[in-house]
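*Asks:* this one's sequence-less:
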């Protein structure tokens with residue numbers, strides 16, 4: 001009797017182990033690394049603090065990215081269909097390619113990477129901040145850190161994708177939004193080409209999208225511009241043309257999702 005019970009327990013254990021292994025094999029994690037315009041301000045971004053009272057309505061596009069990965073949205077994508085897709089947003093405000101690495105944030109991501117995962121790499125806003133030496137990274141340094149993230153992602157069998165920095169809400173000239181990031185978007189593209197990595201030109205894509213909507217709509221609806229006494233976190237109102245409100249984060253997340261799908265469907269991933 002005891003032998004039968006032991007065999008039954010062993011069969012259950014093996015079956016459960018195989019099931020868990022199979023489920024793990026069907027799981028894909030998309031890691032997001034970057035800074036404030038990518039970040040998820042909910043959950044543990046500010047440990048012990050209430051997002052609705054201390055941050056809302058600010059949001060990075062990564063905060064609104066996970067909902068796009070419902071079954072109906074990815075069933076036509078070979079590499080994503082029938083997979084459990086998890087978005088892990090590790091972006092943190094104020095970080096550049098260098099400080100993200102120096103603070104051990106990349107080490108945390110690297111330790112979790114597995115074969116078949118993706119790493120979306122968006123830096124540039126803070127690298128370009130010459131007036132803030134604690135975060136500034138010149139173009140050559142920017143190149144080297146992008147190379148590092150690409151190479152170490154591939155070491156784990158994961159797939160890197162480089163993004164240019166998302167547009168700011170200035171400068172507008174003759175009704176059109178122009179590039180404010182200098183050479184950084186072009187350098188990001190250069191490294192993507194050099195390393196044979198998929199490139200998502202979020203700078204240009206977001207400028208094109210915002211141009212369609214118009215300056216007034218984009219300013220009031222997408223970026224952090226509003227009057228006093230609307231939100232607990234901003235009793236004096238806000239005038240911020242870098243960071244997104246929820247609607248802006250959702251709009252940019254939609255752009256990234258669409259291009260992410262296109263990259264996977266139409267390009268050879270190495």
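*Replies:* Good, I have the coordinates. Fair warning: this is a prediction, and the values are worked out from it, not measured in the lab. Numbers count the residues shown, from 1 in each chain.
*Asks:* let me see the ranges of the strands in the protein.
*Replies:* Applying DSSP state E to the chain gives strands spanning 27-33, 84-89, 118-122, 159-163, 172-173, 176-177, 199-200, 223-226, 238-244.
*Asks:* ok, and what's touching the second one?
*Replies:* What it means is strand 84-89. Contacting residues not belonging to strand 84-89 are listed as 23, 26-32, 38-40, 60, 62-63, 65-66, 69, 74, 109, 112 [Cβ atoms under 8 Å, 6 or more residues apart in numbering]. Heads up, the C-betas are built off the backbone N, CA and C, glycines and all.
*Asks:* just the fifth one next, same as before
*Replies:* Surrounding strand 172-173, the residues in contact under the criterion Cβ under 8 Å, 6+ apart are 178, 215.
*Asks:* 7 Å instead, please
*Replies:* Residues from elsewhere that reach strand 172-173, judged by Cβ atoms under 7 Å, 6 or more residues apart in numbering: residue 215.
*Asks:* that older thread, which of the strands of the chain sits closest to residue 45?
*Replies:* Among the strands of the chain, strand 84-89 comes nearest to residue 45, with 9.0 Å by Cβ to Cβ.
*Asks:* for that closest one, buried residues please.
*Replies:* Using 16 or more other Cβ atoms under 10 Å as the test for burial, strand 84-89 gives 85, 87, 88, 89.
*Asks:* that one: how far from the chain's middle?
*Replies:* Averaging C-alpha positions (Cα atoms, centre = their mean, to the nearest Å) puts strand 84-89 11 Å from its chain's average.
*Asks:* low-confidence stretches in this structure?
*Replies:* Filtered on pLDDT under 70, the chain yields the residue ranges 1-25, 267-270.
*Asks:* please, where are all the helices along it?
*Replies:* 2-25, 51-54, 71-74, 97-102, 105-112, 139-155, 184-194, 202-213, 215-221, 246-266 (DSSP state H).
*Asks:* on that earlier part again, using JSON lines, lay out the strands of the chain together with distance to residue 101.
*Replies:* Shown next, in JSON lines, are the strands of the chain (distance: least, Cβ to Cβ, whole Å):
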{"stretch": "strand 27-33", "distance to residue 101": "10"}
{"stretch": "strand 84-89", "distance to residue 101": "17"}
{"stretch": "strand 118-122", "distance to residue 101": "12"}
{"stretch": "strand 159-163", "distance to residue 101": "14"}
{"stretch": "strand 172-173", "distance to residue 101": "34"}
{"stretch": "strand 176-177", "distance to residue 101": "31"}
{"stretch": "strand 199-200", "distance to residue 101": "21"}
{"stretch": "strand 223-226", "distance to residue 101": "28"}
{"stretch": "strand 238-244", "distance to residue 101": "22"}
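*Asks:* what's the closest of those strands to residue 149?
*Replies:* Checking the strands of the chain against residue 149 by Cβ to Cβ gives strand 118-122 as the closest, at 5.2 Å.
*Asks:* what is that closest one packed up against?
*Replies:* Secondary-structure packing of strand 118-122 (3 or more Cβ pairs under 7 Å, 6 or more residues apart in numbering; DSSP states H and E): strand 27-33, helix 139-155, strand 159-163.
*Asks:* can I get these in JSON lines including distance to residue 239 and mean neighbour count?
*Replies:* Output for these, formatted as JSON lines (distance: least, Cβ to Cβ, whole Å; neighbours: other Cβ atoms under 10 Å):
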{"stretch": "strand 27-33", "distance to residue 239": "27", "mean neighbour count": "22"}
{"stretch": "helix 139-155", "distance to residue 239": "29", "mean neighbour count": "17"}
{"stretch": "strand 159-163", "distance to residue 239": "26", "mean neighbour count": "25"}
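*Asks:* quick check: which of those is nearest to residue 238?
*Replies:* In terms of Cβ to Cβ, the element of these nearest to residue 238 is strand 27-33, at 24.2 Å.
*Asks:* what lines up beside the closest one in the sheet?
*Replies:* In the sheet, strand 27-33 lines up against strand 84-89 (parallel), strand 118-122 (parallel) (DSSP bridges).
*Asks:* dump the ones you listed to CSV, plus distance to residue 250.
*Replies:* Below are the strands paired with strand 27-33 laid out as CSV (distance: least, Cβ to Cβ, whole Å):
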stretch, distance to residue 250
strand 84-89, 14
strand 118-122, 17
